[in-house]
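1. Next come a sequence and a model predicted from it.
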Amino acid sequence: MESTAHAQPHTREDRPAGDGQPRRLEDRAATQLGELEGDADLDACHWYLNRGLSWLEFNRRVMAQATDSSVPLLERLRFLAIFASNLDEFFMVRVAGLKQQVAAGITARSPDGRTPEQQLTAISERLAPLLQTCTEVLHDQLLPLLARHDVALRPVDDLNAAEQAHIDREFDEDIFPVLTPLAVDPGHPFPYISNLSLSLAVTIRHPGTGQRRFARVKVPSVLPRFLALPDGCSFVPLEEVIQSRLDRLFPGMEVLDAYPFRVTRDSDPPASAALRCRGAPGGGRVHPRGDGGDAGRGARGRPARPVPHARPFGPARPRRARRPRPPRAPLASLGARAAAGLRVQP
């Protein structure tokens with residue numbers, strides 16, 4: 001968006017018109033609108049912006065607040081969290097609707113001339129650099145600035161012996177009792193992954209037979225996402241703590257790989273999904289489905305980077321019934337807990 005810092009107010013005269021007489025901005029806009037109504041084809045695609053792409057541009061401006069050095073540090077962190085939360089909602093509603101239209105065989109074009117499949121392609125292309133920027137802002141700007149104020153997000157491998165002992169006690173007393181690893185084999189189908197839940201994908205191997213197995217470990221949502229160290233200003237991601245102690249969950253097995261991942265599902269109720277497809281261009285319609293939500297996006301992270309890149313999944317798996325979830329306890333926010341430990345205000 002171009003800067004308007006030096007723009008003249010609308011009440012001032014603009015540059016002279018072609019006949020040498022000054023013309024106000026309002027007059028010029030009215031003239032252009034009259035020409036548009038008289039000659040232009042309002043059905044032409046170039047007059048319209050795509051709704052999904054326009055929304056991504058709005059979210060880009062939200063993330064721009066996180067890069068603004070004049071914004072207080074914790075507010076920048078908050079804006080980045082808002083960007084990620086907005087993106088979850090975008091996939092649960094907008095992208096899910098487009099995927100339902102594609103599944104229903106709808107090929108009618110939107111006002112800007114794109115089919116549902118072309119819109120998904122354009123969204124994926126527009127989203128990739130945004131996610132890259134989000135990761136860079138967090139790891140290259142915000143986390144180093146927090147570290148200057150003695151607030152650190154530390155990898156579990158960098159902890160000293162005393163800090164490791166503290167994490168061991170936390171793991172044995174609070175984390176281990178609520179972990180439930182689920183193996184996947186012909187007798188145990190792939191478990192249902194609930195919406196926005198964080199999990200670990202684990203590959204294990206039997207040391208005697210050499211047989212490899214895949215397991216899923218859900219990161220408990222009833223626990224804080226970041227564990228505080230004894231100094232009160234350093235934090236460790238919960239998934240890294242679990243990942244570093246997977247041998248306790250799989251005794252007698254060799255842990256080969258482990259990666260955090262998350263799935264974003266369609267959050268619309270069945271009736272809304274049916275209405276949305278009925279209202280799609282071309283009158284397409286799909287049958288309403290169960291209350292589980294199809295997978296619309298997956299995110300896989302690297303062990304050393306707790307905020308992963310996200311990418312759209314392929315075709316969704318058939319939906320299963322939603323499993324009851326225990327009530328959520330209040331989650332400890334990194335920004336809120338770190339605020340109390342800041343010694344110097346940014």
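-> Arrived safely.

2. Now do the strands in this structure.
-> For the chain, applying DSSP state E gives strands covering 13-16, 22-24, 152-153, 182-184, 198-205, 212-218, 226-228, 234-237, 254-265, 295-300, 309-311.

3. tell me the most buried of these?
-> Highest mean neighbour count among the strands of the chain (mean count of other C-beta atoms under 10 Å): strand 234-237, with a mean of 23. Quick note: C-beta positions are derived from backbone N, CA and C, even for glycine.

4. okay, the strands of the chain in a markdown table with distance to Gln118 and mean pLDDT next?
-> Listed next are those as a markdown table, based on distance: least, C-beta to C-beta, whole Å; pLDDT from 0 to 100:
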| stretch | distance to Gln118 | mean pLDDT |
| --- | --- | --- |
| strand 13-16 | 39 | 44 |
| strand 22-24 | 40 | 51 |
| strand 152-153 | 39 | 90 |
| strand 182-184 | 35 | 85 |
| strand 198-205 | 32 | 93 |
| strand 212-218 | 34 | 91 |
| strand 226-228 | 40 | 93 |
| strand 234-237 | 38 | 94 |
| strand 254-265 | 21 | 91 |
| strand 295-300 | 17 | 56 |
| strand 309-311 | 18 | 33 |
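
5. Let's have those in JSON lines, adding distance to Thr121.
-> Formatted as JSON lines, those follow (distance: least, C-beta to C-beta, whole Å):
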{"stretch": "strand 13-16", "distance to Thr121": "41"}
{"stretch": "strand 22-24", "distance to Thr121": "43"}
{"stretch": "strand 152-153", "distance to Thr121": "35"}
{"stretch": "strand 182-184", "distance to Thr121": "31"}
{"stretch": "strand 198-205", "distance to Thr121": "27"}
{"stretch": "strand 212-218", "distance to Thr121": "30"}
{"stretch": "strand 226-228", "distance to Thr121": "36"}
{"stretch": "strand 234-237", "distance to Thr121": "33"}
{"stretch": "strand 254-265", "distance to Thr121": "18"}
{"stretch": "strand 295-300", "distance to Thr121": "15"}
{"stretch": "strand 309-311", "distance to Thr121": "13"}
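
6. So for Leu98, which of those strands sits nearest?
-> strand 295-300 (9.3 Å; C-beta to C-beta).

7. Can you check which of the strands of the chain gets nearest to Arg114?
-> With C-beta to C-beta as the criterion, Arg114 lies closest to strand 295-300 of the strands of the chain, at 18.3 Å.

8. Could you list everything Ala215 pairs with in the sheet?
-> As for beta bridges, Ala215 partners with Ala183, Val202 under DSSP bridges.

9. wait, doesn't Gln119 sit right on Gly52?
-> Yes - judged on C-beta atoms under 8 Å, Gln119 makes contact with Gly52 at a distance of 5.8 Å.

10. between those two, what contacts are shared?
-> Taking C-beta atoms under 8 Å, 6 or more residues apart in numbering as the criterion, Gln119 and Gly52 both touch Leu98.

11. before we move on, the earlier item: out of the strands of the chain, which comes closest to Val71?
-> Across those, Val71 has its closest neighbour in strand 152-153 (19.5 Å, C-beta to C-beta).

12. What lies in contact with the closest one?
-> With contacts defined as C-beta under 8 Å, 6+ apart, strand 152-153 is touched by 143, 146, 226, 233-237, 306, 334.

13. Among those residues, which pair sits farthest apart?
-> By the measure C-beta to C-beta, Cys233 and Pro306 form the most distant pair in the contacts of strand 152-153, at 17.5 Å.

14. measure stretch 99-109 end to end?
-> Using C-alpha to C-alpha, to the nearest Å, the span of stretch 99-109 from its first residue to its last is 14 Å.

15. quick one: average confidence on that stretch?
-> Per-residue pLDDT over stretch 99-109 has a mean of 89.

16. quick one: buried residues of that stretch?
-> Residues 99-102, 104, 106 are the ones in stretch 99-109 that count as buried (16 or more other C-beta atoms under 10 Å).

17. and which of those residues is nearest to Asp150?
-> Nearest to Asp150 among these, counting by C-beta to C-beta, is Lys99 at 45.0 Å.

18. How many residues are close by the closest residue to Trp55 other than its chain neighbours?
-> Excluding the flanking residues, the one nearest Trp55 by C-beta to C-beta, 6 or more residues apart in numbering is Phe90, at 6.2 Å. Neighbours of Phe90 under the rule other C-beta atoms under 10 Å: 21.

19. just checking, Phe90 touches Ser54?
-> No - if you go by C-beta under 8 Å, Phe90 and Ser54 don't touch, sitting 11.4 Å apart.

20. Which strand residues bridge Tyr259?
-> If you apply DSSP bridges, the partners that Tyr259 bridges to are Ala201.

21. gap between Arg126 and Leu120?
-> Distance, Arg126 to Leu120, using C-beta to C-beta, to the nearest Å: 11 Å.

22. Which one of these two is surrounded by more residues?
-> More neighbours surround Leu120 than the other of Arg126 and Leu120, with 18 against 15 (other C-beta under 10 Å).

23. what about that one, distance to Val263?
-> Distance from Leu120 to Val263, by C-beta to C-beta: 17 Å.

24. ranges for the helices of this protein?
-> 25-39, 51-66, 73-90, 96-103, 116-136, 143-148, 161-170, 238-244, 246-249, 270-278, 334-339 (DSSP state H).

25. Which strands or helices does the second one pack on?
-> I take that to be helix 51-66. On a contact count with 3 or more C-beta pairs under 8 Å, 6 or more residues apart in numbering; DSSP states H and E, helix 51-66 meets helix 73-90, helix 116-136.
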